[in-house]
Structures are given as C-alpha cells and as structure tokens.
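Peer 1: Give me a 3D structure for the following:
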Amino acid sequence: MNLLSCWTCGDRSDVSDAEIRAQTSLLADRVDRLDDLVTLTAKYTQIGQGDEPDTAVHLDDLVDDLIGTIGVPPQVSIRVEGRLPVVRVRRTAIADILSCLLDNALRQIGPAEGVVRIGCDSEGSSGG
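Peer 2: As a prediction, this is how the structure comes out:
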C-alpha cells in the first residue's frame, strides 16, 4: 500500500471501517492505474528512437506475431477483421505502438469477458 493510501486510514470515527477500506482500495487502484499510465507514456516517448530504416511491414503478420507473444487471458478473444495493409514504416516502432494498444485494450477489459477487434479502414489516396 502506498503512503497516500496509508494516510487516508487515519482517525476517522465518523466513517465506517468498511467504507474506509473501500475508499482506500479505490485509491490504491487509481494510483496503480496512474503508475501504469506514466510507464506507458515513458515507453511511448521512446518509440521510434534509433536508426532503423523504413521497410515494408505486413501488418497481418506483425499482429499475428504480437498476439502470439502477449498473454491473452482465456476470457478475451482477439479478432482481426479483414486484411491489414502493408505499410512502409520502422518495424520496431509500429510493433511497439501496436503492442501498447493491445496491452491497453487487455488492461481495460480486465477480468471481464471481452473482444478486442483489430481492423483498418482505407481512406484512399489521391494524387493531390
């Protein structure tokens, strides 16, 4: 338990012990979520650092690789909807971005059952 959570456990005779425990638990959960956000933000700022050249990356293959390496809970399914494009990017950078997005989606689902859908919409390209 962090210091802030301990501070809230002080003498509060006007509040029940159950309510104090519930509020302290909520506070601890929120501090943990904040810590996760800070960690992800720090990781996000590192994305794309380095001298790796842009290459053609098949996102279907990359997403399959990522799904195979992350721990997908049994109550969650990941569905790739349609074909993903081939993009010209730094492979490590796009892998880090997609990994962060998948990790965040799984964390948001938590212990509940859920589906993570991955897809791509083409906005087309024009010569101008």
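
Peer 1: Can you give the domain ranges for the chain?
Peer 2: 1-46, 52-128 (automatic domain parsing).

Peer 1: chain center to stretch 24-36: distance?
Peer 2: Its chain's C-alpha centre and that of stretch 24-36 lie 16 Å apart, by Cα atoms, centre = their mean, to the nearest Å.

Peer 1: Over to stretch 54-64?
Peer 2: The answer for stretch 54-64 is 19 Å, by Cα atoms, centre = their mean.

Peer 1: Same question for stretch 64-76.
Peer 2: 13 Å.

Peer 1: what's in contact with that stretch?
Peer 2: Here stretch 64-76 makes contact (Cβ atoms under 8 Å, 6 or more residues apart in numbering) with 78, 80, 95, 98-99, 102-103, 106, 109, 111-116. Backbone N, C-alpha and C define where each C-beta goes, glycine included.

Peer 1: circling back: can you convert the domains of the chain into CSV and add a column each for mean neighbour count and mean pLDDT?
Peer 2: Formatted as CSV, those follow (neighbours: other Cβ atoms under 10 Å; pLDDT from 0 to 100):
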stretch, mean neighbour count, mean pLDDT
domain 1-46, 11, 70
domain 52-128, 13, 87
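
Peer 1: Can you dump the C-alpha atoms of the helix or strand Ala95 falls within in PDB for me?
Peer 2: Here Ala95, judged by DSSP states H and E, is contained in helix 91-109. Taking C-alpha atoms only, helix 91-109 is exported to PDB below (Å, rounded to 0.1, in the frame of the first residue of the first chain):
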ATOM      1  CA  ARG A  91       9.100  -2.200 -37.900                       C
ATOM      2  CA  THR A  92      10.200  -1.800 -34.300                       C
ATOM      3  CA  ALA A  93       8.200   1.500 -34.000                       C
ATOM      4  CA  ILE A  94       4.900   0.100 -35.300                       C
ATOM      5  CA  ALA A  95       5.400  -3.100 -33.300                       C
ATOM      6  CA  ASP A  96       5.800  -1.000 -30.100                       C
ATOM      7  CA  ILE A  97       2.700   1.100 -30.900                       C
ATOM      8  CA  LEU A  98       0.500  -1.900 -31.700                       C
ATOM      9  CA  SER A  99       1.800  -3.700 -28.600                       C
ATOM     10  CA  CYS A 100       0.900  -0.700 -26.400                       C
ATOM     11  CA  LEU A 101      -2.600  -0.600 -27.900                       C
ATOM     12  CA  LEU A 102      -3.100  -4.300 -27.300                       C
ATOM     13  CA  ASP A 103      -1.800  -4.100 -23.800                       C
ATOM     14  CA  ASN A 104      -4.100  -1.200 -23.100                       C
ATOM     15  CA  ALA A 105      -7.100  -2.900 -24.600                       C
ATOM     16  CA  LEU A 106      -6.500  -6.000 -22.500                       C
ATOM     17  CA  ARG A 107      -6.000  -4.000 -19.300                       C
ATOM     18  CA  GLN A 108      -9.200  -2.100 -19.900                       C
ATOM     19  CA  ILE A 109     -11.200  -5.300 -20.300                       C
END
